[in-house]
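In: I would like to see how this sequence folds:
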Amino acid sequence: MSRSFVLVLSVFLGLAGCAAEDRGPVSEPEFVDGKADVGDSVRDMGELGFGPENAEAGSFSQDLEFHGYRLAVGPEAVVSLEITQLGSSKKLDSTLYVYGPRATSGGYGTRALAFDDDAGWGRLSRLRALALPAAGEYLVVVGTHDALGRGNYRLLATCESASCAPEVTVEGCHPDIAAAILACVEDQLADPDYDPYRQTRLDLLELCADAEVTAAAWDALCAGPAAPASLCEVTYEEFALSHLPLCSRELQNQALDESCVFGLRYRDLHHQPTGAVVIVSERVLTAGSGLTALEEQQVVEAVHATAYTEVTTSQEAFAVVDGGEIHKLELWDASGRRAFTAYELGAGDNSFGMFFRHGTVSQVARINDSDIYDCEVFWGPEMRACAEDAHCGEGLRCTGRAPENGRGRCVDTRLDTHPAIGTACVGQDGCPAGSGLVCSGAAAGGEAGEGWCRPGWMRGRFVSAPELEIPDASAAGVEAQLLVFGLATVDTDVVIDLWIAHARPSDLRVSLVDAGGTEVVLSDHQAAGAELVLRAVPVLGFPGDESVNGVWRLRITDDVAGEVGYLGDFGLTVTSRWD
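Out: Modelled structure (predicted):
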């Protein structure tokens, strides 16, 4: 099934030759900000093989269409590509581009390495004897001269060298094994009991990269005539130990390439355990907040996400939203090092709003009934899970690995060059706007807290929904764990979110233990009411010189007989620094 992507057109300069008549500039596909990959401005039409038997037929039926075909080749391949007269509409004015080779980060580059407009029959395109610079995967893009053309085409690839076939390797996840894992994911998604708030697709990919899931696929693969020796001349246990973690990483990276960095729902910004977006600051705006001219424009645009599209001023906007309040979040996408501003509001008890590029009214996503739509910002190369540097893209390091399982995040610390890094700041808005810096160490002092500006990736959000029963009158109690990873070396701020249901929370002793073993008491038989709820509460008492990456533990004991409790959710926002 093909995928449709956002299309941006620009005048193609330098590659187009002089035409016999003025038909206007040639239009080319160009990468969209958010994913530096030209393949995201075309429709993915699948793989392209060599020879007439593998020629691909397509059709342009609407404006702004570009079709991309993935062509895999070996070293020293020389190929010809042609929009043939046979199978193509008589008046079609085609264009043909080649991008690549595909990088380890997944992109094909942003400039075409070859282009043709009219070298074929009539106004069809042809590239003769193109020597490709390296083995790998290339993107062959078919378009029309002004991106407004209509008609059918037939794309033919011909090998002009001794061999163009790609080398067969099993360095990556074998397709048969990947198919078994993906089938398991689809089964999980189709389960009536599946809860996307508890498990993301990334969680399912990790869960399904399991020895039991892939055993039958491995048996079938290794029983076939083309069984790869590197996978099959070992025991299944050895295969699973070495190959399945690779498959999990590959499939998760593929999923992230196509995933909105903000998540699927607005609440994911606070509750997404694998999130790359750092919340730099949060404010609740009202009609009396004294907005800047830009904020007034953004507020109006955000309210237009509701049915109140006739609103033209910020005063009118606040008058129609629930409670007269609008939530503003300054966000930093640490995976792509990009700043955004989000506005969320209630209208009729439903959540609406808009995401903007920082400092503009350029919309990159909208909120409708809490879900995120029309997202144009996808995961960048950083903040992806890793266990070693080789799991990251070029120049990135696997940073903040937890000792328990070696998990870290891919980070390019060479980009931490902003002049404000290390300077003093006050409050959550204390660092330069849009810089991607967070005020580290300020959480304990609230708006007046003093800290130091540090790179946004040094702040992480970690959440769980353990749903654990708190046993009555038990000295052992219950313990929930969170794995903190991908940060610098020691903590500067620890902020907790917690919900415990208990008829008498005063029966409870609740404490938090950091990765270094230091324990801080949160509540010692003090809470009243029928539950203990902490939201964005700073935790004081950690020394700030113990390792931040590792397992953090929430301990709860009930030493008074009579009531059983329940731990619903538990989350930490941890900011770090280099020791």
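
In: so where's the stretch 201-350 of the chain uncertain?
Out: Low-confidence segments of the stretch 201-350 of the chain, defined by pLDDT under 70: 272-274.

In: Who does residue 372 form a beta bridge with?
Out: residue 367 (DSSP bridges).

In: Please report how far it lies from residue 268.
Out: 8 Å (Cβ to Cβ, to the nearest Å). Every C-beta, even on glycine, is put in place using the N, C-alpha and C of the backbone.

In: Find the residues that touch each one of these two.
Out: Common contacts of residue 372 and residue 268 (Cβ atoms under 8 Å, 6 or more residues apart in numbering): residue 262.

In: Quick check, central residue of this protein?
Out: residue 379 (3.2 Å; Cα atoms, centre = their mean).

In: Excluding residues flanking it in the chain, which one is nearest it?
Out: residue 256 (4.0 Å; Cβ to Cβ, 6 or more residues apart in numbering).

In: I'd assumed the one you found was in a helix, is it?
Out: Yes. Assigned with DSSP: H, G, I helix; E, B strand; the rest coil, residue 256 falls within a helix.

In: wait, isn't it in contact with residue 382?
Out: No. Under the criterion of Cβ atoms under 8 Å, residue 256 is not in contact with residue 382, lying 10.9 Å apart.

In: how about the residue nearest to residue 379, what does it touch?
Out: Taking Cβ under 8 Å, 6+ apart as the test, what residue 256 contacts is 202, 378-379, 384.

In: For residue 82, which three-state class applies?
Out: strand.

In: Could you tell me how many residues sit around the residue lying closest to it once chain neighbours are set aside?
Out: Sequence neighbours aside, residue 126 is the residue nearest to residue 82 in space, at 4.3 Å (criterion: Cβ to Cβ, 6+ apart). Residue 126: 18 surrounding residues under other Cβ atoms under 10 Å.

In: Equivalent analysis for the one 3 residues further on, please.
Out: As a burial measure, the neighbour count of residue 129 was computed by other Cβ under 10 Å and equals 10.

In: Now it: which helix or strand?
Out: strand 126-131 (DSSP states H and E).

In: Is residue 183 located within a helix, as I assumed?
Out: Yes. Residue 183: assigned to a helix according to three-state DSSP.

In: in which helix or strand would I find residue 306?
Out: Per DSSP H and E, there is no helix or strand for residue 306.

In: how near is it to residue 360?
Out: Residue 306 is 21 Å from residue 360, by Cβ to Cβ.

In: okay, the two: which has more neighbours?
Out: Taking other Cβ under 10 Å, residue 306 and residue 360 do not tie; residue 306 has more neighbours (21 against 13).

In: The more buried one contacts residue 347, correct?
Out: Yes. The pair residue 306 and residue 347 qualifies as a contact (Cβ under 8 Å) at a distance of 4.2 Å.

In: who touches both of the two?
Out: Joint contacts of residue 306 and residue 347 (Cβ under 8 Å, 6+ apart) are 320-321.

In: one step back: what mean pLDDT would you report for the strand holding residue 129?
Out: Averaged across strand 126-131, pLDDT comes to 96.

In: Tell me the strands beside it, with direction?
Out: strand 78-83 (antiparallel).

In: which residues are in contact with the partner strand?
Out: 50, 71, 73, 92, 94, 96, 98, 120, 124-132, 140, 142, 153-161, 164.

In: Over to stretch 398-406?
Out: 386-389, 391-392, 407-411, 413, 483-489, 515, 547-551, 576.

In: and if we set it to 10 Å?
Out: 382-392, 407-413, 457-458, 460, 481, 483-489, 515, 547-551, 576 (Cβ atoms under 10 Å, 6 or more residues apart in numbering).

In: Just the buried ones from the residues you listed?
Out: For those, a neighbour count by 16 or more other Cβ atoms under 10 Å gives the buried set as 382-386, 391-392, 407-412, 457-458, 460, 483-489, 515, 547-551, 576.

In: I'd like to know which helix or strand in this structure has the lowest mean pLDDT.
Out: Each helix and strand of the chain was given a mean pLDDT (mean pLDDT, DSSP states H and E); the minimum falls on strand 8-11 at a mean of 37.

In: what's the next secondary structure element after it?
Out: Strand 8-11 is succeeded, C-terminally, by strand 27-30 (DSSP H and E).

In: Show me what that next one packs onto, helices and strands only.
Out: Packing partners of strand 27-30 (3 or more Cβ pairs under 10 Å, 6 or more residues apart in numbering; DSSP states H and E): strand 8-11, strand 94-99, strand 136-144.

In: and the angle from the following helix or strand past it to strand 136-144?
Out: Remark: after strand 27-30, the chain's next helix or strand is strand 43-47, criterion DSSP H and E. On the basis of axes from the mean of the first three to the mean of the last three Cα atoms, to 10 degrees, strand 43-47 is oriented at 130 degrees to strand 136-144.

In: list the buried ones in strand 43-47?
Out: Applying 16+ other Cβ under 10 Å to strand 43-47 flags 43-45 as buried.

In: And for stretch 445-462?
Out: 449, 451-462.

In: and the nearest residue to residue 119 once chain neighbours are set aside, how far is that from residue 54?
Out: Nearest non-adjacent residue to residue 119, counting by Cβ to Cβ, 6+ apart: residue 126, 4.5 Å away. Using Cβ to Cβ, residue 126 is found at 17 Å from residue 54.

In: just to revisit the earlier point, and the contacts of strand 78-83, which of them are buried?
Out: 50, 71, 73, 92, 94, 96, 98, 120, 124-127, 130, 132, 140, 142, 153-159, 164.
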